[in-house]
Structures are given as structure tokens and as C-alpha cells.
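Enquirer: Sharing a model that was predicted from the sequence below.
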Amino acid sequence: MKKLAVLVSGNGTNLRQIIQSIFHGELFKFKVSLVISDRSCRAIQYAQKENIQTFSLKRTKTLSKEIDHILIKDLPDFIILSGFLSILDAEFCEKWSGKIINIHPSLLPKYGGKGMYGMRVHQKVLNNQEKISGATVHYVTKDIDSGNIILKKSCKISSQETPISLSTKISLIEKEILIQSLKNL
């Protein structure tokens, strides 16, 4: 059984998808061993209801070191960044290299990097009148959104698209390719 540590900052919809996929046997070789957040969020509440060990940390300069101390005790096979908004430091990324996976709401390398998350990505995609968008699962390195791509999938953007409607489309793609990426690991 491979252990997953999931880092979150928000509602935890991708975390829920992982847990449901494990429960239904789609990800039978995995278990979520712990969930870490960098703020108070619904994802932590959900993990607690599922009896998963949780840690709520504060966004400080030592956040990466605090996460590292928790992970050293658990030794997960993979660390999943699921809507995790804090930037992990270079030392952390190098130490856990090849084990940290992120889901990003664009077709990287487009619309990646510092400050590009959530609705900001979707608004920029629409402002630039792109015809397609999508999501990318990639390995995390010290350079933001620059690690090797594991899987990505696109969708068409309609002429009536709004950031919210695009976000809804991308969210469905994120869940699909995150689960497929885990199956492929």
C-alpha cells in the first residue's frame, strides 16, 4: 500500500476525489495517510471526518520545514499538492524530488508561475482570448510550475465562457487527470 500525503488550502474537492477513488477500488494501491493545510479550510474538516490524520499549519517562513518534520515521521510515497497555495522552498523540493505532484488549472507551461492560481488563471486565459484551456499534473521542482509534466488534458473555450464556467470545466478535468496520474505511478 502506497501512502499519500495531501497538502491543501481550500475546499478539498480533489482530496475528496482521491478518497472516493480509493474507497471504490479505483486507486486500490493507495491510502491517504495524512492531510496538511496552510490555513483553516474545509479540506481539513473533510479529512477529519474521514479519520485521516490532519495538521493545520500557519503560513510562515518555516512552513516547508514544518511540513518536512511531519512527513519524515510518515514517510509518504507521494506528496500531492491539491489546491495548496503556499510555495515550498527549494530545499524541500530537492529533498522530496520525484515524490511531489501538483495539479495546475492550465495547460503548462502557459499560465503557470508565481501568482497564477485559481480564478487568476482562468481570467488571464479569457483575457488573452485563448481557444483552449485545461489542466496539468506535474512533478514539483524549486521552479514554480516547471517540473516534468505527468499528464495534461484540454477543453475548448466557448465564446460565452466566464471565469466561473471555465473553472467548473477545468475542475472536472483536474479530478480526472489527477486520478489517472496516480493510477499510472
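Expert: Cool, got the structure.
Enquirer: residue contacts, the residue nearest the centre of the chain?
Expert: Nearest residue to the geometric centre of the chain (Cα atoms, centre = their mean): Ser82, 2.5 Å. When contacts are counted by Cβ atoms under 8 Å, 6 or more residues apart in numbering, Ser82 touches Val6, Leu7, Val8, Gly12, Asn14, Leu15, Ile18, Ala43, Ile103, Leu178. To be clear about C-beta, it is placed using only N, CA and C from the backbone, and glycine gets the same treatment.
Enquirer: make it 10 Å
Expert: 4, 6-10, 12-18, 35, 43, 101-103, 174, 178 (Cβ atoms under 10 Å, 6 or more residues apart in numbering).
Enquirer: That one - nearest residue in space that isn't next to it in sequence?
Expert: Asn14 (4.2 Å; Cβ to Cβ, 6 or more residues apart in numbering).
Enquirer: now do Lys95
Expert: Excluding its sequence neighbours, the residue lying closest to Lys95 (Cβ to Cβ, 6+ apart) is Asp68, at 6.8 Å.
Enquirer: Under a three-state scheme, what state does that neighbour occupy?
Expert: Secondary structure assignment for Asp68 (DSSP: H, G, I helix; E, B strand; the rest coil): helix.
Enquirer: quick revisit: and for the host helix or strand of the residue nearest to Ser82, what's in contact with it?
Expert: Asn14 is part of helix 13-23, with elements assigned from DSSP states H and E. Applying Cβ under 10 Å, 6+ apart, the contact partners of helix 13-23 are 1, 4, 6-8, 12, 26-32, 35, 42-44, 46-47, 50, 52, 80-83, 103, 171-172, 174-176, 178-179, 182-183.
Enquirer: let's see it at 8 Å
Expert: So helix 13-23 is contacted by 4, 6, 8, 27-28, 30-32, 35, 43, 46-47, 50, 52, 80, 82-83, 103, 171, 174-175, 178-179, 182 (Cβ under 8 Å, 6+ apart).
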